[in-house]
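Colleague: Sequence and predicted structure are below.
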Amino acid sequence: MLFVMLYFINKLICYVSKKTSQIIAALLKLSFPIIAISLTLLVCSFLDKDVFATGHLIAIVKFVEYFTILIALIVFIGGLSKLLSVLIIKTHKLNDDIDTTLINLGLRLCSIALSMVVILEGLQRMGFSLATVLAGAGVTGLAIALGAQESLRNIFGSLMLLLDKPFVVGQRIIIKGHKGVVESIGLRSTKIRLLSGNITSIPNDEVARGDIENIGARPYIMNRFKIALTYDTSPEKITEAMDILNDIFAMDENDPEKGKRNEHVNVEGWTPKISLLELGAYSLNLGVIIFYHPASKRYFYPYMSVVNQEIVSRFHEAGIKFAFPSQTLYIDKDTE
């Protein structure tokens, strides 16, 4: 009868918890083991004092009492860990998934350690030999450790990722030939949404040992390109071409729209660089380097589209010709 009552109480608490906030839900779930312990003590006291149970019956009652209280205490410790996790995250307003995962993992490990102490003490009170329990736990732990080496490596790998923070959820990375956005960092694996739309899962042990290129952490997008001019371009036209490029990327107080557009490439210390880069095989190459802030391709591509259109238009107006791959063949006539 006791377990039936506890079953329906648990169902009721779970139903109510779904309609409340995280903190209230954690408090409600924390109340269940307290109710279970209270009802167990009440029923066992009734059987002992009012029913006058004796012999094997009272031994069974005491065993059920200790066993139920032991399970309830373990559930209470788990619920308390969950409540503390929610309170810490809400109080400090943590939005970083890695920080929240690290807090949850730390509290979970503490709750597991405390639960082990409670289990050992509870089993001893129930009449089990502490030496036998420890020996059995040691053998079981060794068997589990040997059988779960891969899982343990991944768990330690996830701890390294959580502590070192080479990337966070939402950043774009390249690892082991996979390029995409990090969707989640679990205890076993890290899930990456590839640019193709597919999701790949990489074991955390491999992620922790792999070379990670964090694209999402870059402060800017560097764009380096060449503009090829024909070899018959005069020195004056080369200078004019460089002046046009400097003007295209420059700030202009008289043109607010141009100033707003170019403020992303004129951050202090990261202004555009224009030069006559090299004398190529078939062209005079102007070198252009810009640093677009912030590193958002959503805005970088439209910006470069406008810039390229303006380069083509102004070079055409100035009569500056673009070069294309070509070869000139000279034939020396053999007089003999």
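Modeller: Alright, I've got the coordinates.

Colleague: Can you mark which positions in the helix or strand harbouring Leu162 are buried?
Modeller: Assessed by DSSP states H and E, Leu162 sits inside helix 149-164. Residues Arg153, Asn154, Gly157, Ser158, Leu159, Leu161, Leu162 are the ones in helix 149-164 that count as buried (16 or more other Cβ atoms under 10 Å). Quick note: C-beta positions are derived from backbone N, CA and C, even for glycine.

Colleague: again with stretch 10-28
Modeller: Asn10, Ile13, Ser17, Ala25, Ala26, Leu28.

Colleague: got JSON lines for these, with distance to Gly210 and secondary structure too?
Modeller: Below are those laid out as JSON lines (distance: Cβ to Cβ, whole Å; DSSP: H, G, I helix; E, B strand; the rest coil):
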{"residue": "Asn10", "distance to Gly210": "44", "secondary structure": "helix"}
{"residue": "Ile13", "distance to Gly210": "44", "secondary structure": "helix"}
{"residue": "Ser17", "distance to Gly210": "40", "secondary structure": "helix"}
{"residue": "Ala25", "distance to Gly210": "38", "secondary structure": "helix"}
{"residue": "Ala26", "distance to Gly210": "37", "secondary structure": "helix"}
{"residue": "Leu28", "distance to Gly210": "43", "secondary structure": "helix"}
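
Colleague: who are the neighbours in contact with Phe315?
Modeller: Residues near Phe315 by Cβ atoms under 8 Å, 6 or more residues apart in numbering: Ala241, Ile244, Phe322.

Colleague: and these as JSON lines, adding pLDDT?
Modeller: JSON lines is the format used below for these (pLDDT from 0 to 100):
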{"residue": "Ala241", "pLDDT": "95"}
{"residue": "Ile244", "pLDDT": "95"}
{"residue": "Phe322", "pLDDT": "93"}
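
Colleague: Including neighbour count and distance to Asn198, could the residues you listed go into TSV?
Modeller: Shown next, in TSV, are the contacts of Phe315 (neighbours: other Cβ atoms under 10 Å; distance: Cβ to Cβ, whole Å):
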residue	neighbour count	distance to Asn198
Ala241	22	45
Ile244	17	44
Phe322	14	40
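
Colleague: Considering those residues, which is situated nearest to Gly287?
Modeller: Nearest to Gly287, judged by Cβ to Cβ, of those is Ala241 at 11.9 Å.

Colleague: List the contacts of the closest one.
Modeller: Ile227, Leu229, Thr233, Leu286, Phe315, Ala318, Ile320.

Colleague: Look at the fifth one and tell me its secondary structure.
Modeller: Classification of Phe315 by DSSP: H, G, I helix; E, B strand; the rest coil places it in helix.

Colleague: How about the secondary structure of Pro294?
Modeller: Under three-state DSSP, Pro294 comes out as coil.

Colleague: Backbone dihedrals for it, both of them.
Modeller: Per-residue torsions, Pro294: phi -80, psi 180 (degrees, to the nearest 10).

Colleague: Where does the record place the domain boundaries for the protein?
Modeller: For the chain, automatic domain parsing gives the domain ranges 2-147, 166-216, 221-318.

Colleague: For the helix holding Leu162, name the packing helices and strands.
Modeller: Secondary-structure packing of helix 149-164 (3 or more Cβ pairs under 8 Å, 6 or more residues apart in numbering; DSSP states H and E): helix 97-125, strand 178-185, strand 199-203, helix 204-209.
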